[in-house]
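Q: fold the stuff below for me.
(one chain, ligands or ions: 1)
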Amino acid sequence: MTCRLLAIGECMVELSPRGEDNCAIGFAGDTLNTAWYARQVSSPETLSVAYFSAVGDDELSRRMADFMRAQKIEPALKVIPGATVGLYMIFLANGERSFQYWRSQSAARRLAEDLKELPGLGQGDFAYFSGITLAILPPEGRQVLLDCLKAAAERGVRVVFDPNLRRRLWDSAEDMCAATMAGASVSEIVLPSFEDEAEWFSDADKQATAERYLQAGSRLAVVKDGPGSVLVKAVDSAAFEVAPEPVSNIVDTTAAGDSFNGGFLASLAEGGSLADAVRLGCRLAGQVVTQRGALVEVSAADLNRGA
Ligand code: ADP
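A: Down below sits the predicted model:
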């Protein structure tokens, strides 16, 4: 039986430097990255991966949808006439990357307008969203999306949330933290990263992060911690930890968390145990940090090691 993973959020055009005067055009964004990695490590026969967002009716929006189709991610896109997609450009100076964004008017900010129900999700399917998904929406849109996620959960959809705390996308830290806890309250599974959680919620340790999300209504918290061990705590069982294998040649940690989530979700959706899912997430993220960019080639042989 095929299970469906629907990722919800904003995919942007990525311009990355190629030589002095040129740029390559790509597509990326936290939730899209997770969908893309889930696709890389799963079979279309057992898992269908779809992406829900809003785009415009221009050439860039069409290319974005073509990219998704080419990557075997089904575009579940609301088309808004006259709108366009967000864009970011990567600058390289002395080997350091910096980013500039043009996303304040992007179509994705309107993805929840007139939304009644998340497309094509049945019992046992997964809906995945992040704190960035919530951050780009106006307050009314945020509430509409949360209501749709809650209704989906009541129909047996497994709702998964990565808080992905990005202070710059919010008016205040209070708004960010309140929306984050509201996101967790409609989610079965929360996938936070401890460093950010400690900064914004003053959690003393990973256990505290997990407990806070379980108290908000989630049933499972999987707390990532860079090279440190991943803490897994479900409401009804004892916590356990999984240590990622050490990685010596770290080049760029962009999309470490996104790729972990992709591996974790693909494994769960294909019937893996929780421990298997965390191990696949770690192995995948461990490869991603050794290469530059958000979407990188992964080696199936390395992923299957010890699986
Ligand atoms: P985020 O990108 O959200 O900050 P984390 O830094 O918590 O994510 O990392 C997510 C996962 O990426 C970790 O659980 C681990 O599997 C892997 N990872 C990240 N940094 C390292 C590292 N230095 N060494 C090994 N694995 C890492």
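
Q: contacts and neighbour counts: CA atoms only from here.
A: Noted.

Q: for the residue nearest to T254 when sequence neighbours are not counted, give its distance to the ligand.
A: Nearest non-adjacent residue to T254, counting by Cα to Cα, 6 or more residues apart in numbering: A294, 5.6 Å away. From A294 across to the ligand, the span is 10 Å (Cα to the nearest ligand atom, to the nearest Å).

Q: ok, now V247?
A: Going from V247 to the ligand by Cα to the nearest ligand atom gives 5 Å.

Q: which phi and psi does that residue have?
A: phi -120, psi 120 (degrees, to the nearest 10).

Q: identify the bridge partners of R158.
A: Assessed by DSSP bridges, R158 has beta-bridge partners F126.

Q: that one against G122, yeah?
A: No: the criterion here is Cα atoms under 8 Å, and R158 misses it with G122 at 9.4 Å.

Q: surely the residue nearest to T254 touches A255?
A: Yes: using Cα under 8 Å, A294 is in contact with A255, at 5.2 Å.

Q: returning to what we had before: the more surrounded of R158 and G122?
A: For R158 versus G122, neighbours defined as other Cα atoms under 10 Å are more numerous around R158 (23 against 16).

Q: tell me the contacts of the more buried one?
A: By Cα atoms under 8 Å, 6 or more residues apart in numbering, R158 lies in contact with Q123, G124, D125, F126, A127, S187, E188, I189.

Q: write the ChimeraX selection for whichever of these are buried.
A: In ChimeraX syntax, the buried subset of the contacts of R158 is picked out as below (16 or more other Cα atoms under 10 Å):
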select :124,125,126,127,187,188,189
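
Q: and the next helix or strand past the one helix or strand L5 maps to?
A: Assigning secondary structure by DSSP states H and E places L5 in strand 3-8. Remark: after strand 3-8, the chain's next helix or strand is strand 12-18, criterion DSSP H and E.

Q: tell me which residues of that next one are tucked away?
A: Buried-residue list, strand 12-18, by 16+ other Cα under 10 Å: M12, V13, E14, L15, S16.

Q: please enumerate the strands of the stretch 151-300 of the chain.
A: In order along the chain, the stretch 151-300 of the chain carries the following strands (DSSP state E, counting those that start in this stretch): 158-162, 189-190, 220-223, 230-234, 240-242.

Q: nearest to the ligand, out of these?
A: Closest approach to the ligand among the strands of the stretch 151-300 of the chain (Cα to the nearest ligand atom): strand 230-234, 5.7 Å.

Q: quick one: the strand holding L5 to strand 158-162, angle?
A: Orientation of strand 3-8 against strand 158-162 (axes from the mean of the first three to the mean of the last three Cα atoms, to 10 degrees) gives an angle of 40 degrees.

Q: just to check, I8 is in contact with Y51?
A: Yes: the criterion here is Cα under 8 Å, and I8 meets it with Y51 at 6.0 Å.

Q: shared neighbours, these two?
A: L32.

Q: ok, now which ones touch the residue nearest to V296 when sequence neighbours are not counted?
A: Excluding the flanking residues, the one nearest V296 by Cα to Cα, 6+ apart is V288, at 6.4 Å. Listed by Cα under 8 Å, 6+ apart, the contact set of V288 reads D252, T253, A255, A256, S259, V296, V298.

Q: need these in JSON lines (columns: neighbour count and distance to R63).
A: Listed next are the contacts of V288 as JSON lines, based on neighbours: other Cα atoms under 10 Å; distance: Cα to Cα, whole Å:
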{"residue": "D252", "neighbour count": "16", "distance to R63": "27"}
{"residue": "T253", "neighbour count": "17", "distance to R63": "27"}
{"residue": "A255", "neighbour count": "24", "distance to R63": "22"}
{"residue": "A256", "neighbour count": "23", "distance to R63": "26"}
{"residue": "S259", "neighbour count": "32", "distance to R63": "23"}
{"residue": "V296", "neighbour count": "17", "distance to R63": "20"}
{"residue": "V298", "neighbour count": "17", "distance to R63": "24"}
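
Q: those residues also near the ligand: which ones?
A: Counting by Cα under 6 Å from any ligand atom, A255, A256 from these sit close to the ligand.
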